[in-house]
Each structure stands twice: as structure tokens, then as C-alpha cells.
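Participant: Fold the stuff below for me.
(3 chains)
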Amino acid sequence: MRPRFVLGKVAGALGTLAFVLVFNFFLFRVVTDDPIGKLFRGRNLTPDQIEAKRQQFDLDGSRWEQFWAYITQTLKGNLGDSILSGRPVTTEIGEAIWPTVFLVGTATVLSMLIGVWLGIRAGWKRRSGFDVGSTTFSMVMYSVPDFWIGMLLLALFSIQLDLLPTGGFETAGSTATGLAALWDQFGHMVLPCATLALAYIGEYMIVMRSSMLDTVREDYLQLARAKGLRDVDVRRKHAVPNALLPVVSLGALSFGYILSGAIAVEAIFSWPGIGQATQEAIRGPDFPMLQGLFLVISASLIVANLAVDLAYGVLDPRVTGR
Amino acid sequence: MKRYVATAALAGIMGVTSIAVAGGAGAQDDTVTMTIGLLQDMSSPNVTVGYLVPEFEVWNLQYASLTDKAADDFAPLPGLAESWEESDGGLTYTYTLREGLKWSDGEPLTADDIAYTINRSRDEEWANHFSTVENIEATVLDDRTVQLTSSEPDPKLPTMDVYIVPQHVYEGIDAEAIADYDGMDGVASGQYSLVEWNSGQDWTLERNPNWFGRDNGIDRIVYRVFSNADALVAALQKGEIDAAHGFGAEGAQLLEQEDGIEVVVGLQGGFTELALNGMEGGIGDGHPALQDIDVRHAIYHAIDRQAIFDGVSLGYGSIGTTLSPSADTSWIPDLGDEGFEYDPAKATQLLDEAGYLDTDGDGVREMPDGGQPLRFRYVERSESENADSIRAFVTEYLDAVGIATDVEVMDDTQLYEAQVAGEYDIFVWGWTPYVDPDPMLSYFTCGQVTTDVEAAGYNDANWCSEEYDALYDQQKVELDPTARRAIVADMLRLFNRESTYLVLLQDADLQAYRTDRFEGWLRQPAETGPVIFSNSSPTYANLTVIDGGGDDGGMSTGLLIALIAGGVVVVGAAGFVVMNRSKRTADERE
Amino acid sequence: MSDHALPAGAAAPTFSPKAFARQRRRAAFAEFARAFRRDRLAMLGLVILLAFVLLALAAPLISPRSGLSVVASQDNPRWASPSGDFPLGTDHLRRSGAAQFVWGSRVSIAVGLMATVLTIAIGSLVGIVAGFFGRWTDAVLMRLTDWFLVIPFLPLAIVLAAVLDRSLRNIVLVIAITSWPATARLVRSQVLTVRQRLFVDRSRALGASRAHVIRRHILPNVAPLILANVTLAVPISILTETTLSFLGLGDPNLTSWGKVLEQAQSEGAVLRNAWWYYLPSGIGIVLVVLAFTLVGRAMEEILDPRLRERGR
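Facilitator: From the prediction side, this is the model:
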């Protein structure tokens, strides 16, 4: 990779990050009425604690001094304290991240595998019954609010059939350890994971299908088929590897959306992740939490995008040449 | 490339399946755990700063007090003290402690701990102790004897229900630092000690082996915080938890239809009020119309409390009358025809006569001078299950008599701060009183009105009167129960007539427990009270474990088998495909 | 647009360039209509759309507004399953589910349309200005657009909505602020293509003002694309409104489909098996969103020759 390419990408990401920081500060400090009252308060704070907070964030200074204090504190990893719990926002978010990464990550991988498979089938035999069926399914899934799928699955599998737990990360107060605990968590993950996978499949399926359609028309494929190679082999060895690229890009980019991927769905299943934290912060309202969540979610997306860009640079030398 | 994906997926499926098989046969340990679900987290387990219902339950379990309270009627029972004697016309009580008391960490529990807690909490004005110990001096006579002297006649004695804290732990925390203390020392004099707290999720108590009382066979109690009532009710239905608290009327109706679940409608004096800003302290920016008693009365007449009770409380609890000062609801006097019956015509008439007319024809009345419209800010609590339903009713009723509302949602701290700063017009919130009516009555005295935001008072009616204060001082030192009741009744009538509180509902604590794992649930007070989160939580000492009762919930066995079978089929099919493919690849190479 | 350009009452000679342009556009529209009618899915979408728009407009005739009042509903049964009196049952506050469905369609569709119009207006403005003026204007506007594109959409909408007061106007504003960048990019690239074409340069050479060039040459050529974009942006607006309302950020005084789902969740409709409360609103959302998507896709395919060739 050329250093200039790397530097350019890193600089771009840093610029975007800086924009998010500035935007985040002004959104909460300018748009909100009584921003200081809404951001710097909390449960059971002693006057000393409040004073310490005021000094940390230079609240008696001018707006620019406040901005500077905000930037330096953020860089030090201090995002303020949650109003509802009184604990540091970074601690709260740190605890919520892993359940979400676990849940959305699994759902993304699952939906990618299923979506790609559906897309290959549908694209290979255009206008077949399978194509029409799976395209319709994907279009419908694309139009459904994800949390509503969750409500339906919950109603069916948890309430009607009583097969799966209604929510949470694990059975409360369970003393199970090791494999039994894992099995318990797996049970709790089935429904939210299925909900997200259903919601995501459509996108992968549609992209894979149209990529297949493009590939199928390529001359070399026509040639391969004309040479009498078996249909299955042509598809597997020539069509699929070529058609897979756009989906790989989409998949890579989707990992940037992991943290924000399940905001409403987590609320349905009481999944103790970023989504539930967001929902509780909205209900509060807990502005320091919202501010921190927004920053962390945006930053994770920017970093993921940067990683994907750099990875492309490694994999495909033509990209860096541009 | 694709091959690798398939192989990885295969490995994943096999992994999950083997976990499933192993997990299904997983070992169980024999710790007996009781799990209680609720919707509210603790604010802090530190006794000097916490103020929410959940931490009171923890303290009831972790800290024994000098005297305990009877489950039936709150009568004083031996606690840490096995006996007591009155002298000096009720001004002095001498308590004798049980023999061999120990803290959960093995340190001896002596009269020093008692005197230390009472005297320090009085000197430092600890919020949850102060109204009880305000006039009391504790003196150690010997290791097992402590003498309390009250400077005023005190109708609350001999009950002394303050949480006794371990001197050997609290000595190290000075007055400056105590508000910041996390309260997680877990040193208990009571039945259980707090060992873990995951904020927003759960907290765990473990049995204190040194407790003086009966062993109930339950090793751990876990309280799990649910984010919504649905999930809480469902968890109880499925046996994921053993008891649930505070799921609302909706949940109670559902659970009443279930076999094996007992619903408890617990009354302990809690109520929900609609508070108007009376502007007593002179700070803040309340709407001027609310200082007019006619406007307040018009608002009271415009609201149909019966409809709110039927529509929101669904018959649990009762319609609000006036301030309920005690967990014993017999303290509320009969108001006769002084209650505010639903009468929108009268409300309209009151507003018309007082000159609040809609002069610009926009459907909203204006002040008599034709200026500011009667548009009130209405704070809806985000931390209440039924706040939005109550708001739907109230705003519609006000709209019908020409009063507009702007709804703003706040969490409890934000509302508390708005209320202290006088920056509100209307809010709906509630109180749960203690057993003795004194603390509740004290909140509405002039001394509790906030006149300076730094020194916040409790008076969230933001109204007070000299007449009320004089009556308050009388009842505080009246030792004759009948005479004291009469004075309190006068205070409540006055409060009802003049103040800025319309008590909408007399709330019930709605709870439920499964009947298959534990028995011996006690209501406090008898027949009408709640079984958990009651005044002194006597249930826990009375429970016994039912042998072989209940299962752990979680995933059903049927599904487990189905998933394992499915996994096996998938693995088999995938293996078949892979084998075929490699065979074919080999063929092609030839 | 072309009517406007013609002086009132002036008889247009058949061979004047203006009339010729108008005729050409009419023919293009006829061709568009023919192509659209051939697309059965698009026609299905159009029918569904018209049905829901009709429902929204006729709400007061179908279901009286008092059906939404908790006070007027207090004698109804609670959580009643569907019956003659209550075709879609009742909810926890005894209000008619049908009334909420009908009136909810109004708010959901209206918010979807209003937000889209605002989104497209902002996006088109930025896109046209950036594409037409180029140079540093383009650079600055596109940098801003990219920044907004990179910020995750839903979290941005959530923090904006949380910071602002909860009202219909603000929801519309929030959706527009979060969704304009995609339109801006699309319109800009189209403007660039159009600008390349000879006739614009010729107009400029003939001394036409910038405003004139934008109005007479750029806009008419970009308009079809903007229109297709509108149709495809409505579903996103509706879904965003639904999610924001579900998270409790909607206008507390209005009933939308998302708000109904929020209440269904917070009041335990799923647990009660009160399917009549959470199914209709969800189905309504899916149908309207699907209908807009079908119509929008068809329009895009017809209007954008590149897509037509690929024949998705």
C-alpha cells in the first residue's frame, strides 16, 4: 500500500471524527434549552461532586472554553456521568457493548450466509418460482419495521408456543456455570437474533441476486456453458466467486453498523445492550448517556469504515493506485 | 472461498450442538436461590443517601433495628433488643440487647453500635434516620444496654426502627465522605447481606450466618431489574423468577388468571397526587393562575377521579380522597361533602366567575386581564408505568374546561429539581408514607418550603399555612392516640380544602408470587398489606422452601431436543455434501 | 413549469420551440404511463397507495375522532377482541382499535410525505447548487454531505429528536435533516451529467443567466429523477417515524401507527395475545411502505435507461 493512500484515508476518518465531536457538542449545548442543567446533574450528588463536574467541564467559562474542556475530557475518555445511574457514561456503554456486538454480529453473519445463498439461487435462474418467491420475501422484509418482526416472533414462539424465554440475556439469578450457562444464553439469543437476521436477509439477497444477474451475462460464462460444463460447476466455480464481491463490500461495511443495528429490537427483548441503553436514555431522558452513545456509535462506524478501506487497499492494489 | 465459509459454519453448528448436549446434562448445584423481579433499580445501597423503595428492602434485610415491627399491625417486637423499659413519663427508654449478637463479618454487635448510629445520624442529619432520632440522645450503659432519652414527648417510642450500621466500618468514613460511600461493605446485622450489585440489572444478597433469627433455608436472594412490565409478568409466568413487584394493574389482571400464581394487592398508604405550583417560596416561574384557589378548585372539579381509577387502576386500590399520612389508612378522615366531586359545569362556572375567559376564541382561557393564556406545563414522569395513561385523562379533562397543557417528560431527579426550583405548573407523582403519620405531615409545613435551591425542602405542594403548622406542632407531642388522631384529621381537612394537591388515587402495591417453590408469605399489615417491599419486610424470615418444587425455567426440554435433532440433521446433510463434493473433485482431476 | 414560461393568453404557434418541448414532454409522459401500466407490481402498489390515501383523507367519515378520546371511551370494554361494535377491538384505555388505525394512517402517511418533501427540497437544493456552481462550493457542500452520510442514520435521528421538543413538526424536521444527503449526492451527479451536455454550454454562451439555466435546462432534466427519488424516500421516512415513535419520541398528542406499536409494547398487547392491536398497524406500515417501494422502483426503472437495460 502506498503511504499516501493510508494517510489520506486516516486523515479523512479523523476529519469525520472531528466533525462528529463538534456536532455532538453543539447539538447538546446549543439546541437544548438549559443544556447545563440537563447534562450536569444526577442522582444523589453532593455539592462537592457537582462542583468537581463543573470544573472538569469548565462550565463557568465561555462557550469556547467549554468546548475545549469537552474535547480534552472526551480525549481522556471522560464522557460525563449517566443521570439515571450516576455511573460514568463510559462504564455504562462499555458494559452494554458486548451483548450487542455478540447479538448483531451473529445475526449479520447468519443473514449474510442465508441472503447470499438465496441470491445465488434466485439470480441464477431468473424469473423462476424460486426467484419470484425469494425476491418477494426480500422486498416484504425490507418494508417491515424490524421491531415488529420481533413482536410477531415473541407472540408466536414465546407466548403461544412457550418454547423460548421472553427476554433478557440469561435466566435471572441462574447459578449455572460453564456450558449450562452458555446454553441458557443461547436460548435467550435465538429470538432477537432471528428477528435481526430476518430483517437483514433482504438486503443481502437483493444485492447478491443483482450481482449474479450481471455476472451471468458475462461472455466467459456463456462460453463456459456453451462448452458443456455442468451448470452447477459453472455456477460454483465461475459465477459465484465473481458475483460475491459486492456482497463482501456490503458485509464489511455492515460491521460498522453493529452498535446501532438493534436499537428497537433490543427494547422488545430486554437485551442489555446498546439498544436498550439508548431506549432507557431516551425515556429518562438521560442526556449525557445519549451524547456518549451517539459519539461511541458514530466513532465505531468511522473506524470500521476506515478498516474496510485499508483492507481493500491490501487486497486490491488497483484501489491504492487511484 | 466458499468452501471455507461452509466449513466454518459447520464447525459452528457442531460446536453449538455439543454445547447443547453438554448443557442439557449440565450439573446443578444445591444453593437455594429465590429471585424477585421488579422494574426499579436501587439508587444507592448507602443508607445515608438512598431514597427509593428497592434499597429500603435491602436495608430491611441487611440491617436489623432495635425493635422490629409486627407483620399484622406494626406493633413493636423484639429486634436487636430483646426487651425495653419505659421511665421518666415516656421520655426515657432502656433497651436490653440479645445475647451474643454478631455482625456478619464476625465482629461483636454491642450497645456501642446502637448509640453510634443514633447519635451520628442525628448529628449529621442522615435523611432516612433524622425524623426518628431528631430529639433523641443515646447512651451506652453496658455492652448489652442502651438508654434513649427524648427531649420532647415522642408518640413513636418505644418503636425505634432506624437501620443500625456497623461502627467498625462507618468509623472510617467521615461526614464529608459519607455521601460518596458506595455502601457495598456487606456487613450485616440482619438476615442477609448485599454482596453484589450490577446497576440496571440485578443485585444479590447472601444469607448472614450470624443472624439471630430463624434460618429459612434460602441461601441467596436475587433481585432482577426488568425494563418493562411485560417482561416481568412473563418471567413470573414461566418460573424464571419466584416473585414480582410493581408490574401494574395490567399485569395483575393477567396473573390473576394463572394457576400457581398468587396475586397480592398490597395497601400501605401509597397515593398518587396531581400537584399544582402554589408558588409559596417565591422562587421559580409557576403560572400565576395557580395561586388562585378558585382555579385550583376548578381544576379539581374538572377531573373525574372515578374514571381514572376505573381506566388506569382497574379497580386495584381506591379513589384518592386526601393526603394519606400513614401505612395504616384508618388515619384518613371522612371528608363528608368536602371532597371534590367531578362536576365540569361547576369548574366552568368557577373559572367564568373568577374572570378567566376565552377572549380570543382559541379554546383556551386567558388570565382576567386578558393576557397570559391558561396553558400549563404538565410534567409526565418517565419512571412511572401509568403516567401516560393518567396524563391522557387529565389533559382531556382540562381541555374540556378550556385549560391547555404542554406535556414534558422527566425522570425523577429532573422532576425533583424542577419542583425544588419551582419551575413547573403541574406534575403527577406519589408518596408512600411511613407507619407514623408525623414524617408525611411534616413535609407540608412552611419550614419544608424551598426558598433557596441550595437548601431544598420536601414541600412539593409548594403551599403552607400557619394554621397547619400550629396543628402540626400540637400532634407531634400529643401522647394520647385519640386526641392525636383528631388533630391530624383537622390538618388533613385543611390541607384538602386549601392546598395545591389533588390526591387522584390511593395506590396498591401489586405483587405476585409462585406457589410452587416457597411458602409462608406474610402480608404487612395483615390482610391488606403487601408481602414484599412492605414496611419492615417480615416475609423473608417466615418463608420455607417447598421440597422439590418448581424448575428453573429457561428453555423448554422439547425445544432442546428439537434443536439437537435439527443440529444433527444439518451436520449430517452438510457432511454428506462435503464428502460428495470432495469425491467429485477427485473424479474431475482424473 | 412550461405553462408558467408562456405569457398568458398568447397563442402558441405549433412550430415554436416551446410548444415543441411541451409536446415532447407530453409524449414522454404518455410513454411513461404505458410502461408503468405494463408493470403489474407497480400497478398493485399504486392501488394499495390510493386505497390508503383515501382512507387517510376520509378518516373523519369512517371513524369519528371521539374514538381516540379516553374520556369518551370509558364505557367501552377493555382489550375487547374484534366484534361488530369494534371491528379492530379496543386497547388498554378502552379506545377503539379501528379509530386508531384509521387516524394513525393519517399521521403516518402525512409525516412520511411531509418529511420526504422537505428532505428532497434540501437535498435537491444542495445537489443542484453543488453540481452547478462546482469548485469550492461543490467541495464544501459535498464534504458536509459526506459527513452526514457517514453518521449513522438512526442514532442521529434519535439524538436530534430527543434534544428537540416532541412534536409533529420536529419529527418531520428530524427525518429531513437525517435523510437529505443521499438525495443531494444523487441530484448533484445528475446535474453534472446534464451540465456536460452541449445545450447548457450553448445557453451560457448565448448569455443566459445562471437562474435561467437552472430553471429552464437543469431542473426539467433532473425533475424525473427527483420524483422517483421522492417515491423511494417516502418508505424510509415512514419507517423512521415509526421507529422514533416506537422509541417514545413521537408527538404525545397524536396517534400514529408507530405510536400504536409503542403502546402495544408498553401495555403488553403481545403478552395478552391482543393481536388486533399490534397486527393492523404493523400490516398498514408494511403495505404502505411496500406500495411506495414498488411504485418508486418502477418509476426509477422507466426513467433511468441504465436500469431498464439491466432489467432487474
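Participant: Residue numbers of the stretch 1-150 of chain A in contact with chain C?
Facilitator: A:16, A:19-20, A:23, A:27-28, A:31-32, A:139-140, A:142-145, A:147-148 (C-beta under 8 Å from any C-beta of the partner chain). C-betas here are computed from N, CA, C, even on glycine.
Participant: Check the residues you listed for burial and list the buried ones.
Facilitator: Members of these that pass the buried threshold by neighbour count (16 or more other C-beta atoms under 10 Å in any protein chain shown) are listed as A:16, A:19-20, A:23, A:27-28, A:32, A:139, A:142-145, A:147-148.
Participant: quick one: contacts for residue B:422?
Facilitator: Residues in contact with residue B:422 (C-beta atoms under 8 Å, 6 or more residues apart in numbering or on different chains) are B:277, B:279, B:281, B:283-286, B:450, B:462.
Participant: Could you give the backbone dihedrals for it?
Facilitator: phi 70, psi 20 (degrees, to the nearest 10).
Participant: mind checking how far it is from chain A?
Facilitator: As judged by C-beta to the nearest C-beta, to the nearest Å, residue B:422 and chain A stand 14 Å apart.
Participant: Nearest residue to that residue in space, please, no chain neighbours.
Facilitator: residue B:284 (1.9 Å; C-beta to C-beta, 6 or more residues apart in numbering or on different chains).
Participant: The one you found: neighbour count?
Facilitator: 18 (other C-beta atoms under 10 Å in any protein chain shown).
Participant: Please verify my assumption that it contacts residue B:417.
Facilitator: No. Residue B:284 sits out of contact with residue B:417 when judged by C-beta atoms under 8 Å, with a separation of 11.1 Å.
Participant: related to what we said a few turns ago, and the residues of the stretch 1-150 of chain A next to chain C near chain B, which?
Facilitator: Among the residues of the stretch 1-150 of chain A next to chain C, no residue is within reach of chain B (C-beta under 8 Å from any C-beta).
Participant: with the residues you listed in mind, which one is nearest to residue A:264?
Facilitator: When the residues of the stretch 1-150 of chain A next to chain C are ranked by distance to residue A:264 (C-beta to C-beta), residue A:147 comes first, at 3.8 Å.
Participant: doesn't residue C:243 make contact with that closest one?
Facilitator: Yes. Assessed by C-beta under 8 Å, residue A:147 is found in contact with residue C:243 at 7.3 Å.
Participant: list residues touching both of those two?
Facilitator: If you check residue A:147 and residue C:243 against C-beta under 8 Å, 6+ apart, the residues they both contact are residue A:264.
Participant: before we move on, back to that, name the nearest of the buried ones among the residues of the stretch 1-150 of chain A next to chain C relative to residue C:159.
Facilitator: Each of these was scored against residue C:159 by C-beta to C-beta, and residue A:27 proved nearest at 6.4 Å.
Participant: quick one, what contacts the closest one?
Facilitator: By C-beta under 8 Å, 6+ apart, the contact set of residue A:27 is C:159-160, C:163.
Participant: can you pick the most crowded of those residues?
Facilitator: Greatest neighbour count in the contacts of residue A:27, by other C-beta under 10 Å, goes to residue C:159: 28 neighbours.
Participant: Would you quantify the distance from the residue nearest to residue B:422 to residue B:453?
Facilitator: Between residue B:284 and residue B:453 the distance is 9 Å, computed by C-beta to C-beta, to the nearest Å.
Participant: ok, now residue C:91?
Facilitator: Residue C:91 sits 41 Å away from residue B:453 when distances are taken as C-beta to C-beta.
Participant: Give me the more crowded residue out of those two.
Facilitator: A side-by-side neighbour count of residue C:91 and residue B:453, using other C-beta under 10 Å, places residue C:91 first with 26 against 14.
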